[in-house]
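Visitor: attaching a predicted model along with its sequence, questions to come.
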Amino acid sequence: MSADWYPDSRDNQLHLVKTWNTIFATSGEAWGIPAIRINQLLRDANAAEKILDKVKSGDRTLADVVECNETFKSMETEARFIKRHFLLVPPLTLADFPTLLLPLPDAAHTPIPPPTGQPALTLTYPGGPHLVAVHFALLHGTEPPDRRGDYGYALYRGIMPHGGATLEQAASVKHYLMQEPLSGDELLHYRFTRRKKELVNFDANESGMKAFFCARYENQKGEYGTWGPVVSIIIP
């Protein structure tokens, strides 16, 4: 989108997020941004800067390019989540927005209801190791969301090892599942997208495990629609 606040180039994306990280170190808590979100954005920026330097070098590989795409997508998802849920007036003042390299919020608010409808997901193997393609569509029989809401898909996923995760695996940063989920509320890994298809790259050690996905519509105000069905696939 031409009016989108998130930069197009990777250098500018990294510059924006690194600016945020500097500001969040002193103001993030006062603005109500959870430490887990601040720390995740900092990790994403560090990883993005490292892999971008490698991709710009002459000895990059195809694996480096794929890793760069995934890393910058993860950073964008986290930045959009923080923007949507925490960078609001209040607690921010209008003077805070230029400091964060953001446009001033539109003072003319048009009431837009939360999204209706439910997304239906189809999972396929696009080829390549440990890759799963997630295809989005409107669940048959449900009403599509209001396009004025500038909606997208809030995609959640989780992974269950054979027989279910141990307590240690469930408590790890991966949050492996101990049992099959009944709804998206049990899936903790979040990604926002407006695309009709998303590629998810899993770790090599997760091959053969079962991946679960669930989605709901989300608008620019951070309002959600109803969960769609949970779907699953074996990680290749």
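Guide: On my side now, so go ahead.
Visitor: could I get the buried residue list for the helix or strand where residue 135 lies?
Guide: If you go by DSSP states H and E, residue 135 is part of strand 131-138. For strand 131-138, burial by neighbour count (16 or more other Cβ atoms under 10 Å) applies to 131-134, 136. Heads up, the C-betas are built off the backbone N, CA and C, glycines and all.
Visitor: got the end-to-end distance for stretch 114-132?
Guide: Across its full length, stretch 114-132 reaches 29 Å between end residues, using Cα to Cα, to the nearest Å.
Visitor: give me the mean pLDDT for that stretch.
Guide: The average pLDDT within stretch 114-132 is 92.
Visitor: buried set for it?
Guide: Within stretch 114-132, the residues that qualify as buried are 114-115, 117-121, 123, 131-132, counting by 16+ other Cβ under 10 Å.
Visitor: the residues you listed in strands, which ones?
Guide: Here DSSP state E is the test, and these give 119-121, 123, 131-132 as lying in strands.
Visitor: turn those into a markdown table, including distance to residue 63.
Guide: Converted to a markdown table, those look like this (distance: Cβ to Cβ, whole Å):
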| residue | distance to residue 63 |
| --- | --- |
| 119 | 31 |
| 120 | 32 |
| 121 | 27 |
| 123 | 23 |
| 131 | 12 |
| 132 | 17 |
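Visitor: which residue ranges of this protein form helices?
Guide: Under the criterion DSSP state H, the chain contains helices at 10-27, 35-56, 62-85, 96-99, 167-171.
Visitor: just want the angle from the first one to helix 35-56.
Guide: Between helix 10-27 and helix 35-56, the angle formed by their directions is 150 degrees, by axes from the mean of the first three to the mean of the last three Cα atoms, to 10 degrees.
Visitor: poorly predicted segments of this structure, please.
Guide: 1-3, 107-111, 148-149 (pLDDT under 70).
Visitor: domain assignment for it?
Guide: Following automatic domain parsing, the chain resolves into domains at 10-99, 119-234.
Visitor: JSON lines for those domains, including distance to residue 105?
Guide: Formatted as JSON lines, the domains of the chain follow (distance: least, Cβ to Cβ, whole Å):
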{"stretch": "domain 10-99", "distance to residue 105": "6"}
{"stretch": "domain 119-234", "distance to residue 105": "11"}
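Visitor: identify the residues contacting residue 181.
Guide: Under the criterion of Cβ atoms under 8 Å, 6 or more residues apart in numbering, the contact list for residue 181 reads 158, 187, 212, 214, 230.
Visitor: also residue 224?
Guide: For residue 224, the set of contacting residues under the criterion of Cβ under 8 Å, 6+ apart consists of 114-115, 154, 216-218.
Visitor: out of the buried residues of strand 131-138, which comes closest to residue 162?
Guide: Of all the buried residues of strand 131-138, residue 162 sits closest to residue 132, with 17.6 Å by Cβ to Cβ.
Visitor: ok, for the closest one, nearest residue in space, not its chain neighbours?
Guide: Excluding the flanking residues, the one nearest residue 132 by Cβ to Cβ, 6 or more residues apart in numbering is residue 200, at 4.9 Å.
Visitor: and that neighbour, how many neighbours does it have?
Guide: Counted with other Cβ atoms under 10 Å, residues neighbouring residue 200 total 21.
Visitor: what residue in the chain is the furthest from its centre?
Guide: Checked against the mean C-alpha position of the chain, the extreme residue using Cα atoms, centre = their mean is residue 58, at a distance of 30.1 Å.
Visitor: ok, it to residue 64 distance?
Guide: Going from residue 58 to residue 64 by Cβ to Cβ, to the nearest Å gives 11 Å.
Visitor: could I have the buried ones of the contacts of residue 181 as ChimeraX selection syntax?
Guide: In ChimeraX syntax, the buried subset of the contacts of residue 181 is picked out as below (16+ other Cβ under 10 Å):
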select :158,187,212,214,230
